[in-house]
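# When you get a sec, could you give me coordinates for this:
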Amino acid sequence: MKNTQNLTIITVVVVAVILLAAIIVPRLGGSSPQVAAADFDYASQPRAGSPDAPVRVAVFFDFLCPHCADFGESVTPILKREFVDTGVAAIYFFNFPVIDATISRSLGMVGECVLLQSNDAFLAIEPVLLRSRATFASLGTNSAITARAVSLALDYAPSLDAATLNTCVSESATAAAVEADVALARALNLGGTPSVLVNGVLVANPTLENIRRAIQSAAG
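Okay, the predicted model is just below:
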């Protein structure tokens, strides 16, 4: 009887350990690309493509991130040609300032101020600001970098109203929009930039081929 009781206890312990592992291991990340559920406010984000596109590609980026600049030059144009221009997907841009807590946020606010006037203007200046990291680094101060970003925005999106843009930036009117993106990135446990999600599912290694496969899978 004692041996039977001991065996029962051991069995219960083993089952409990298995169940606990089943709960904990996925939370540690593993190889699963599925992230925790979070609310995506796509409507307020800058967007390339139709809001009615069945596949939504969320790109979390930092204007100071060199990998984001590479992504913007080598991956984004191909995704636009293959999936955005064909109506399969839309690309949404989310701020995730990880390089410099102050300057990255300030550049994100410039982008959001541009967006308030025109989505097309944002799409025009986004690659320009990404390519300007070296210029920004040479300027040193946050105020000088922000002023240069505004100047670039006005140069490459001449339809922008300069007074409105300068007021928006000087008053930090879009700080809340940047922080909302940051809160979402943290809720998703994102580790860096660029991070890419396709219909809410993280692409673990966001190469062109992996994103392409994810979009094709999501599109059915």
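# Show the contacting residues for the spatially most central residue of the chain.
The chain has residue 60 as the residue nearest its centroid, 1.1 Å off, counting by CA atoms, centre = their mean. Contacts for residue 60 (CB atoms under 8 Å, 6 or more residues apart in numbering) come out as 94, 95, 96, 181, 185, 190, 193, 194, 195, 196, 197. In short, each C-beta sits where N, CA and C put it, glycine included.
# please redo it, this time with the cut-off set to 6 Å
94, 96, 185, 190, 193, 195 (CB atoms under 6 Å, 6 or more residues apart in numbering).
# Can you pull the domain assignment for the protein?
1-30, 42-219 (automatic domain parsing).
# between those domains, which gets the lowest average pLDDT?
Lowest mean pLDDT within the domains of the chain: domain 1-30, at a mean of 38.
# before we move on, the earlier item: now find how far off-centre the helix or strand harbouring the residue nearest to the centre of the chain is within its chain.
Assessed by DSSP states H and E, residue 60 sits inside strand 55-61. For strand 55-61, the distance from its own C-alpha centre to the chain's C-alpha centre is 6 Å (CA atoms, centre = their mean, to the nearest Å).
# Can you list the strands that that strand pairs with?
When pairing is defined by DSSP bridges, strand 55-61 lines up against strand 89-95 (parallel), strand 195-198 (antiparallel).
# Show me what counts as buried in the shortest one.
This means strand 195-198. 195, 196, 197, 198 (16 or more other CB atoms under 10 Å).
# Isn't the second one up against residue 208?
No. The pair residue 196 / residue 208 is not scored as a contact, 10.4 Å apart, by CB atoms under 6 Å.
# Tell me which stretches of this protein form helices.
Ranges of helices in the chain, per DSSP state H, are 2-27, 66-74, 76-79, 103-117, 119-131, 133-139, 142-156, 162-170, 175-187, 208-219.
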